[in-house]
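Visitor: Show me the folded form of this:
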Amino acid sequence: MSGKATAVKAGDDLVKEVIKIATKLGLETKEQFHVARRIWGANRNIDVILIDSKTRKTLGVECKFQGGGGSAEEKIPATIQDIEAWPIPGIVVFAGEGFTENMRSFLISTGKAVELNELEPWLRLFFGLPLE
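Guide: As a prediction, the model looks like this:
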C-alpha cells in the first residue's frame, strides 16, 4: 500500500525497491534491459522491466532519485521523451527530497511518472491486479 516503502537513499536503492514491490505483486522483473540506442548513439537501457506472467503485459520503469540539488532533475524531460521511443509502455518512478515542486508537478502532469510511495496502487491498476 502507499506510504509503506522503505526510505531510499540512492538510485540503486530505488531500483531495488521497485523490484521488491513488483515481486510482492507477483510480477516478473528484469534489470538494465538493453533496447536499441538513443538518437545520439548511446545504448538505451531500461532500468526495470515488469511482466505479468499470465497476460504477458509489460511495463518499462525508469528510476530517478535525487536526494539534494543535482542533475537528475535536469535529465527528466529527456527521460520522458526517451520513454516514447521504447517498444513498450513506460513510466518514471521517482523518489528523493531533491526534486523541486515544479519538477514534481511536471512529472505527474506527463502521465508518465509516479512517486515511489504511489507505485504499488498504480501497478495494481495498470496490470489489472486486485485492489486493496
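Visitor: As a check, name the ranges of all strands in the protein.
Guide: Under the criterion DSSP state E, the chain carries strands at the ranges 28-37, 43-51, 58-65, 90-95, 113-115.
Visitor: CSV for these, including mean pLDDT?
Guide: Shown next, in CSV, are those (pLDDT from 0 to 100):
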stretch, mean pLDDT
strand 28-37, 84
strand 43-51, 90
strand 58-65, 94
strand 90-95, 93
strand 113-115, 94
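Visitor: Quantify the burial of residue 99 by counting its neighbouring residues.
Guide: Using other Cβ atoms under 10 Å, residue 99 has 22 other residues around it. Placement of C-beta: from N, CA and C, glycine included.
Visitor: shift numbering so it begins at 200
Guide: From this message on, residue numbering opens at 200, which makes the last subject residue 298.
Visitor: circling back to that earlier point, just name the most buried of the strands of the chain.
Guide: strand 289-294 (a mean of 24; mean count of other Cβ atoms under 10 Å).
Visitor: can you list contacts of that one?
Guide: For strand 289-294, the external contacting residues (Cβ atoms under 8 Å, 6 or more residues apart in numbering) are 204, 207, 213, 216-217, 245, 258-265, 275, 278-279, 282, 303, 306, 311-316, 318, 321.
Visitor: quick one: low-confidence parts of this structure?
Guide: Counting by pLDDT under 70, the chain contains low-confidence ranges at 200-210, 235-240, 268-272.
Visitor: What are the buried residues along the longest helix along it?
Guide: With DSSP state H applied, the helix covering the greatest number of residues in the chain is identified as helix 210-223. The neighbour-count check on helix 210-223 (16 or more other Cβ atoms under 10 Å) flags 210, 212, 213, 214, 215, 216, 217, 218, 220, 221 as buried.
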